[in-house]
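Enquirer: Just a sequence and a predicted model for now, questions to come.
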Amino acid sequence: MSANADKVRQARERLDAHVREIVQWHFHPDTGTPFWLERAKTYKFDPLKDVNTFDDLKLFGLFEDEWLRGGPVRRWVPKALANKPTYVFETGGTTGIPKSRVVQDDFRIDYEMFSDTLPEKYFPKGSNWLMLGPSGPRRLRLAVEHLCQHRGGICFCVDLDPRWVVKLIKKGWMEHLKAYQEHVIDQALTVLSAKHDIKCMFTTPKLLDSLAGRLEQDGSSIAQQGITGVFCGGTEMTSQWIRFAIEELLGPNVYIAPTYGNTLMGLAAAEMPTADQNYKIAYYAPEPRAVAQVVDFKDYNKVVDYGQTGRVMLTTLTKEFFVPRFAERDEGEREAPSAKYPWDGVSGVRPFHEFAATTTVGVY
Amino acid sequence: MMHIPVLRWGEPYKSLDVDKVVHFATGEVLAEVGRANAGLVERDMRHAQRARDVLREIPIADLLQMIKKAADLYTEAELPLGNGTQTPDQFALMQSATTGLPEHMCRFNMTKNHFVLNQMDKILESLTRGLDLNVLSHGYGMERGVPISYQAQSPVLGLVLPSNSPGVHTLWLPIIPMQMGLVLKPGPQEPWTPYRMAQAFVQAGIPKQAIAIYPGLGDVGAAVLAHCPRSLIFGGTATVEQYKGNPRVQAHGPGFSKILLGDDVVDNWPKYLDLMVDSVLINSGRGCINCSGIWASRHTKEIAEALAERMGPIQPLPPEDPKAALAAFTVPKQADAVSAAIDQDLKEDGAHDMTARYGSRLVKKEHCDYLRPTVILCDSPKPAIAKKEYMFPFTTVVKCPQDEMLREIGPTLVCTAITEDKKFQRALIDATHIDRLNIGPMPTIKLNWLQPHEGNIVDFLFRARAFQFEGPLPQ
């Protein structure tokens, strides 16, 4: 169902107001973020005066994620939050110095907002969860565990180290890769068999493939294990894959909630894809805290028309972290606002075609 | 728009992900091919045993008859393809349009596949060294009064196929008559042969449950290799290295095929010029059996000049031209990269481009590129380019003393050694880094189909083992 024009306008006004608040926060000498305060000295504009709407963020140019490599990490902590306990989450890092992001409460807020999008019938409050995916320096483990706790459950965790997986692939150690994958799935099966009343899980597409495959070999299934809701993310998901998962791995009694996001932004949610929509996955970022745009490949200042293809551009606007206009390593189609999300979305997310050939993606 | 579906044990499955297959010269979209996902392959492999079971219900002798019938259907019939049909002419046109091979070469490859299918009984007899084929079916038998057992190591053979050379398909044609299923991951530019051959097989009476085709990306190829107990993969040197020593995978890479001229014949080199040209040029130099190195102890400059004179003037012609000798590079920037790599290697001392005088190697067109024949003279085996192979008519002519040749040539898929020197012949026969050895004036591209290619496929799929029994056994 499409959004009505009033709701879209109101959402836009709320976004513009939020932009003003966040930019004031990160660039004010009392509250600001050292990185941005230092960078502001090079600008030919004054962020405190000249940035009043979301469109004004174009003044900042493009955010370069390379700025997130290396320290001092404290330069990303706003002065006003300097005394709060701070986490650092990393992304990438198979070789060289990983990109890092500081976080205090954002991941909890993001996942609580995401929690509101989950249907109670399939993700019952109070039920226990299995978190089957990367932990280590990544956000996912803490975030999923918080989501589970926020909904009144207890989270069991099985780790997978994606950096090791990438190394195994690059070295061509496919037997080791298989053994590691089996090691991870073995642990998941052990947890599921231990009568912990687990009804919900987070996992990645590849791990869901593997878990379902192994359960089937053993004469069982995700549904027969008592799982009713699967929150899936971490790597690319195509419509074909989600259809395959729904039709052949999960069955009619298990809900799958596909998500899109990364450590730099929050979590973009999607309705459960359906056959009558050709299993299209349309993600909507949690505005106004984060915005996902689809921009022209040749002109990142121009948003493409609805249904057209472009590069995904993410903007994060929280008091902990300000990322204006980060060109993601993905492309997709621009989606119109919906009744539930009266702002733009993105569908068909896949690796940006210029990077696709050289990047190892979707390894876990 | 023609839609070619994923084939799950004979059942069409319309994927939501598709790849468009584009005519290299015009940019016209010829068809869309459904893209499988890795989980789908993994899931379907639960039924792999059924593929062998349904084939074992048909005696091998009957399967061989069906294969002969399939040969004719493949070359002559209008066969179903996706949501349409395809005539043999359309097949050649489509294969040419996506692989860049001239149409007459595509038609020639069809006759090659036909020949192999038609001779399948003889090929199996030869590859099994005269074994009663029922032994493959039952898993045991008696030979010269001794119990024997050939145990199938897999119910199916997985294949991760290339796009560059339709000739490789001959390697998997003997699988079905050995009562093993096929799990095919076609090359992105060459879905045509697997689909057409599968249809020919099915129309000839072979159970459709024996064949699965999964077009897709790298993850699909990896899934085929991971879930089929025996697979063949085609790729570059890195692929071969990756699977070296893996008993589940037979990796086929570059051939580095060569012609060695013995000291006893080299003074008569003009006599072998046609043979050398054919070895380099036929099939536009795309195959692993095409010659990429001609080695001799003397006259190398004259040989290289003569080869350049013959091949250097060759220009790209439209794919429908029966005289077209060159295949197009349909993958963007691939030809640029190859040409640049050759130019880089030519900076080394002792390597000379003998075809440079015939014009630019790289020919760029609107939707594709060509590389014109290239002959490089090497003063010794030392320059790195001496042992290179590329996917177009490319050869080096390497000066090397005869008694150092076998030490220097490196791995060689097909070696044509022209010599009557018995000592040299003995050394050649004993050389373990040569796979197919031709002693005498034979082009490298002339194969005897009754002989194994890069390992005997029967030995790869069946294990000879001890087996003793008393009383009746299952047939």
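Expert: That came through fine. Residues are numbered from 1 along each chain as shown, chains lettered A, B, ... in the order given.
Enquirer: In which helix or strand does the residue nearest to A:Arg139 when sequence neighbours are not counted reside?
Expert: In space, and not counting its chain neighbours, A:Arg139 is closest to A:Phe89: 4.2 Å by CB to CB, 6 or more residues apart in numbering or on different chains. C-beta here means a position set from N, CA and C on the backbone, and glycine is covered the same way. If you go by DSSP states H and E, A:Phe89 is part of strand A:87-91.
Enquirer: And that strand, what's buried?
Expert: For strand A:87-91, a neighbour-count test (16 or more other CB atoms under 10 Å in any protein chain shown) marks A:88-91 as buried.
Enquirer: tell me what it is packed against?
Expert: With contacts taken as 3 or more CB pairs under 8 Å, 6 or more residues apart in numbering or on different chains; DSSP states H and E, strand A:87-91 sits against strand A:99-103.
Enquirer: Show me how far the strand it packs on is from its chain's centre.
Expert: For strand A:99-103, the separation from the chain centroid amounts to 14 Å (computed by CA atoms, centre = their mean, to the nearest Å).
Enquirer: and the helix or strand that comes right after that strand with strand A:87-91, angle?
Expert: The helix or strand immediately downstream of strand A:99-103 is helix A:106-115, counting by DSSP H and E. Counting by axes from the mean of the first three to the mean of the last three CA atoms, to 10 degrees, helix A:106-115 points 70 degrees away from the direction of strand A:87-91.
Enquirer: what about the next helix or strand after helix A:106-115, near chain B?
Expert: Note on helix A:106-115: by DSSP H and E, the next helix or strand toward the C-terminus is strand A:128-133. No. Contact between strand A:128-133 and chain B is absent, the nearest approach being 15.4 Å (criterion: CB under 8 Å from any CB of the partner chain).
Enquirer: what's the burial count for the nearest residue to B:Ala384 once chain neighbours are set aside?
Expert: Leaving aside its sequence neighbours, B:Ala384 sits nearest to B:Asp345 (CB to CB, 6+ apart; 5.6 Å). Residues within reach of B:Asp345, counting by other CB atoms under 10 Å in any protein chain shown, total 18.
Enquirer: hang on, B:Asp345 packs against B:His352?
Expert: No. B:Asp345 is beyond contact range of B:His352, at 11.3 Å (criterion: CB atoms under 8 Å).
Enquirer: on that earlier part again, pLDDT wise, what is the residue nearest to A:Arg139 at?
Expert: As predicted, A:Phe89 sits at a pLDDT of 92.
Enquirer: With B:Val414 instead?
Expert: 96.
Enquirer: Show me what the lengthiest helix in chain A is in contact with.
Expert: If you go by DSSP state H, chain A has its longest helix at helix A:5-27. With contact meaning CB atoms under 8 Å, 6 or more residues apart in numbering or on different chains, helix A:5-27 is reached by A:31-33, A:36-37, A:40, A:47-48, A:51-54, A:56-57, A:78, A:80, A:287-289, A:291, A:317-319, A:322, A:337, A:339, A:342-343.
Enquirer: Check stretch A:118-132 too.
Expert: Residues outside stretch A:118-132 that contact it (CB under 8 Å, 6+ apart) are A:140-141, A:144-145, A:147-148, A:151-158, A:160, A:184, A:188, A:191-192, A:196-204, A:207, A:211, A:227-229, A:231, A:254-255, A:257.
Enquirer: And these, which of them are buried?
Expert: Listed as buried from those are A:140-141, A:144-145, A:147-148, A:151, A:153, A:155-158, A:160, A:184, A:188, A:191-192, A:198-204, A:207, A:211, A:227-229, A:231, A:254-255, A:257; burial here means 16+ other CB under 10 Å.
Enquirer: Show me these that map onto helices.
Expert: Short answer: the buried ones among the contacts of stretch A:118-132 in helices (DSSP H) are A:140-141, A:144-145, A:147-148, A:184, A:188, A:191-192, A:207, A:211.
Enquirer: Quick test: name the residue nearest the centre of the chain.
Expert: Here I'm looking at chain A. In chain A, the centroid-proximal residue (CA atoms, centre = their mean) is A:Gly261; its distance is 1.8 Å.
Enquirer: Sorry, I should have been clearer: chain B.
Expert: When CA atoms, centre = their mean is applied to chain B, the residue found nearest the centroid is B:Val168 (2.4 Å).
Enquirer: tell me the SS of it?
Expert: helix (DSSP: H, G, I helix; E, B strand; the rest coil).
Enquirer: Could you list the residues of chain B in contact with chain A?
Expert: Near chain A, when you scan chain B using CB under 8 Å from any CB, you find B:15-17, B:35, B:37-40, B:42-43, B:46, B:219, B:222, B:225-226, B:238, B:241-242, B:246.
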